[in-house]
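# Everything below, folded, please.
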Amino acid sequence: MSVAEVTVRFAGTILDVAHVQLGGCYRIGTAPGVELPLELAGITVFPIVDATSGAFVVRRPAGTYATRNALPMHEPDARLATSDHLELWLGNVLVTVELVTLPAIMAKPAFDRRPAGYLAGSLAVHLVMWSVAIAFAAPLHVPKPRPRIQAHLRPVRVVVREPDRTPPKPPVTKVTTKAKTTTTTRAQAQAMVTTRPRATEDMFQAAAAAVEREPMRGPAILADLVGKMDVGNALAQIGPLYDPDAVHDGDFGKGLAFDPDTRPAFDTIKTGRYQTISSGAAAGAHYSIEAEHARVHVRLCEDDGCTADGALERQVIDYRLAYKLRQFAGCYQADAQTLTFELVIGTDGKVREAHGPGKVGNCVAKVASAVAFPAAPDETRVTYSVLFVPPT
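I've put the predicted structure just below:
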């Protein structure tokens, strides 16, 4: 069965693959229920593939560029043949349409009743064999139980002795253990005295003296001391943990307002091994994938100095050159910043001439000359600028 296969790509990434059968269609626009939601000027619903009339017809929206078998398509619609390959550029979205043959769907196999019959027959045979074994088996001999002998109870006299109520002797504490315990507990109490406000210093001095006299009651003395303290007042005397002077009113929203290079106080998140993955003009400085810092970045038409004079449109040239950015980066040298190269694209889509300034410009022109562009009725002269962003 032949169907129309519609493939939607954005910057080389496939967004959708759909198959349109006879009687169906593939629509774009901003209305609810369309197959491809896409905003184009003046289009609410537009069928780019229409098979409702018994044939597959590809329609081109007005003002868009399309090719048929690598040749420009000027007519508004075209009937799709078996060997046709149509491409439509809808802004930055590339739609490809061609006829394909779907494999036939195999019929579901019929239900096989033989396993069920085999199971039923096996069960019947097992039941017959079990019945025969029960009927002809020897009787089981069960011995008679022995008579139980009743035991006679004898009275026993039980004497309950009173527990020994002698008071325990006081524990004997060695001198070495007492000295060690006294020193450790006093150090803990003294540390608490030095870290508390002056208002509670007398209370901790008294507690330290009590611990020194009775080291075994050290935990109880400290717990009683904490229970008598005014914790809120003590914390208020220490002072606020938040410094109002560190607040910078009005800085949020400003570019590089919290740059750790110029304001070290905001260097709380290091920009070394652990980084975020943001990028772009609105992202925080120094934050990106770590590997991105180690390579050269290339930007086309940064100064809006790119021109295309001829049959091919700028968006088609941008789309094809975008795949060569990594190869452009291979031409970078330390003294290269921005350069301009020129191309002359023939009617067959191949680059006939390529020029660039210096060694780096010749390298960029050589990479661009290998790009295959769509065929066009006239040649196109291209002037593009390249900006190299060195590693950081």
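# any low-confidence regions in this protein?
Counting by pLDDT under 70, the chain has low-confidence residues at 149-200, 231-232, 234-260, 266-293, 336, 392.
# quick one, longest helix in this protein?
Counting residues, the longest helix found in the chain (DSSP state H) is helix 114-136.
# need the helices for the stretch 101-250 of the chain, in chain order.
Assigned by DSSP state H, counting those that start in this stretch, the stretch 101-250 of the chain shows helices spanning 114-136, 175-195, 201-213, 218-228, 231-238.
# Name whatever forms a beta bridge with Pro77.
Check again: residue 77 is Asp, not Pro. Asp77 has these beta-bridge partners by DSSP bridges: Arg59.
# Quick one: residues contacting it.
57-60 (Cβ atoms under 8 Å, 6 or more residues apart in numbering). Backbone N, C-alpha and C define where each C-beta goes, glycine included.
# Isn't Arg59 up against Ser53?
No: Arg59 is beyond contact range of Ser53, at 11.8 Å (criterion: Cβ atoms under 8 Å).
# What separation do you get for the closest residue to Thr82 other than its chain neighbours and Val211?
Spatial nearest neighbour of Thr82, chain neighbours left out: Leu99 (5.3 Å); criterion: Cβ to Cβ, 6 or more residues apart in numbering. As for Leu99, its distance to Val211 is 95 Å (criterion: Cβ to Cβ, to the nearest Å).
# what number of residues lie near Thr338?
Counted with other Cβ atoms under 10 Å, the neighbours of Thr338 add up to 12.
# mind listing what it touches?
Applying Cβ under 8 Å, 6+ apart to Thr338 gives the contacts 302-303, 385-388.
# Among the residues you listed, give me the pair with the biggest separation.
Farthest pair in the contacts of Thr338 (Cβ to Cβ) is Asp303 and Phe388. Separation: 13.3 Å.
# So these two - more neighbours on which side?
Taking neighbours as other Cβ under 10 Å, Asp303 and Phe388 compare with Phe388 leading, 20 against 10.
# List the contacts of the more buried one.
The contact partners of Phe388, by Cβ under 8 Å, 6+ apart, come to 296-298, 329, 332, 336-338.
# One more: Ala78?
Listed by Cβ under 8 Å, 6+ apart, the contact set of Ala78 reads 57-58, 60, 68, 84, 86.
# 7 Å instead?
58, 68, 86 (Cβ atoms under 7 Å, 6 or more residues apart in numbering).
# circling back: next, format the contacts of Phe388 as a markdown table and append distance to Tyr26.
Formatted as a markdown table, these follow (distance: Cβ to Cβ, whole Å):
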| residue | distance to Tyr26 |
| --- | --- |
| Val296 | 41 |
| His297 | 37 |
| Val298 | 36 |
| Ala329 | 38 |
| Tyr332 | 43 |
| Ala336 | 46 |
| Gln337 | 46 |
| Thr338 | 43 |
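# Quick check on those residues: which are buried?
For these, a neighbour count by 16 or more other Cβ atoms under 10 Å gives the buried set as 296-298, 329, 332, 336.
# Return the subset of those lying in strands.
If you go by DSSP state E, these have 297-298 in strands.
# The buried ones among the contacts of Phe388: which two are farthest apart?
Greatest spatial distance among the buried ones among the contacts of Phe388 (Cβ to Cβ): His297 and Ala336, at 12.8 Å.
# Show me the common contact partners of the two, please.
What both His297 and Ala336 touch, as defined by Cβ under 7 Å, 6+ apart, is an empty set.
# Let me know the closest of the buried ones among the contacts of Phe388 to Gly29.
Of all the buried ones among the contacts of Phe388, Val298 has the smallest distance to Gly29: 35.4 Å, by Cβ to Cβ.
# Three-state assignment for Val17, please.
strand (DSSP: H, G, I helix; E, B strand; the rest coil).
# Check the gap between it and Asn362 for me.
Using Cβ to Cβ, Val17 is found at 41 Å from Asn362.
# before we move on, what about Gly310?
The spacing between Gly310 and Asn362, counted by Cβ to Cβ, is 23 Å.
# For the contacts of Asp77, pick the one with the most neighbours.
Among the contacts of Asp77, Val58 has the most neighbours (other Cβ under 10 Å), with 25 neighbours.
# what's that one in contact with, if anything?
48-49, 77-78, 80, 86, 97.
# Any idea how many residues pack against Cys306?
When neighbours are defined as other Cβ under 10 Å, Cys306 has 18 of them.
# oh sorry, the question was meant for Leu90
Leu90: 21 surrounding residues under other Cβ under 10 Å.
# Verify the stated contact: it with Leu40.
Yes: with contact defined as Cβ atoms under 7 Å, Leu90 and Leu40 form a contacting pair (6.4 Å).
# if I look at those two, which residues touch both of them?
Overlap of the contact sets of Leu90 and Leu40 (by Cβ under 7 Å, 6+ apart) is empty.
# can I assume Arg9 sits in a helix?
No: secondary structure of Arg9 (three-state DSSP): strand, not part of a helix.
# ok, back up a step: so for Val17 and Asn362, which residue has more residues nearby?
Each of Val17 and Asn362 has its neighbours counted (other Cβ under 10 Å); Asn362 has more, 15 against 11.
# Would it be right to say that the more buried one lies in a helix?
Yes: counting by three-state DSSP, Asn362 is part of a helix.
# What separation is there between the nearest residue to it once chain neighbours are set aside and Val364?
Spatial nearest neighbour of Asn362, excluding adjacent residues (Cβ to Cβ, 6+ apart): Gly356 at 5.3 Å. According to Cβ to Cβ, Gly356 and Val364 sit 5 Å apart.
# And Val93, by the same measure?
28 Å.
# repeat for Val3
Distance, Val3 to Val364, by Cβ to Cβ: 43 Å.
# which of these two has more neighbours?
Val364 (28 against 17).
# ok, now which ones touch the more buried one?
Residues in contact with Val364 (Cβ under 7 Å, 6+ apart) are 328, 331, 339, 341, 356, 386.
# Show me which of the residues you listed is closest to Arg263.
The nearest member of these to Arg263, counting by Cβ to Cβ, is Val386 at 34.6 Å.
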